[in-house]
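# Below are the sequence and a predicted model; questions follow.
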Amino acid sequence: MPRQATGRSEKQRQRQQRYRARLNAAAEPETAELDTAAAMAVAKLVIDLEQGKAVSGSKDILDRLLVAAVEALKSRGYNGRSAGRLMHRRLTWLKESFKDPEASWYTKRGIQL
């Protein structure tokens, strides 16, 4: 949820608004949208694997991708077991939201409202 503007950081808020307006004008996604798109692609691969539609060798690539993601989180000091569980839960949410193209921004991120 966006915070209410208090006026304390008005210059930064206006700079951020201009930045987002430029992105919108150029139809350029923000980082969060890029991250979600990449995660959705992984979720699509999981769906294809479950349905037997994936290209041969896809499971190995997916396994290496997920292990590398968890290892990257571990190298930043996060608990590997928790990171793996959260990764699995995130992919499950994305899998379900991928099946529903009308899923909201919140649903794609696993936020239950």
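That came through fine. Computed from a predicted structure; not experimentally measured. Numbering: from 1, shown residues only.
# what's the neighbour count on the closest residue to E71 other than its chain neighbours?
Nearest residue to E71 in three dimensions, chain neighbours excluded: G80, at 7.8 Å (CB to CB, 6 or more residues apart in numbering). For the C-beta atoms, the positions are set from N, CA and C on the backbone; glycine is no exception. Residues contacting G80 under the criterion other CB atoms under 10 Å number 12.
# quick one: G80 from L62, how far?
Distance of G80 to L62, computed by CB to CB, to the nearest Å: 18 Å.
# cool, R20 as well?
R20 is 34 Å from L62, by CB to CB.
# More neighbours: those two, which one.
Ranked by neighbour count (other CB under 10 Å), R20 and L62 place L62 first, with 17 against 11.
# what sits against that one?
Neighbouring residues of L62 by CB atoms under 8 Å, 6 or more residues apart in numbering: 42, 45-46, 49.
# now with 10 Å?
42, 45-46, 48-49, 54, 91 (CB atoms under 10 Å, 6 or more residues apart in numbering).
# Among those residues, find me the one that's closest to A69.
V42 (9.0 Å; CB to CB).
# Show me which residues of the helix or strand that contains E50 are buried.
E50 belongs to helix 31-51 when assigned by DSSP states H and E. Residues 36, 39-40, 42-43, 45-47 are the ones in helix 31-51 that count as buried (16 or more other CB atoms under 10 Å).
# Run through who's touching it.
Contacts of helix 31-51 (CB under 10 Å, 6+ apart): 23, 28-30, 53-55, 58-59, 61-62, 65-66, 69, 87, 90-99, 103, 105, 108-109.
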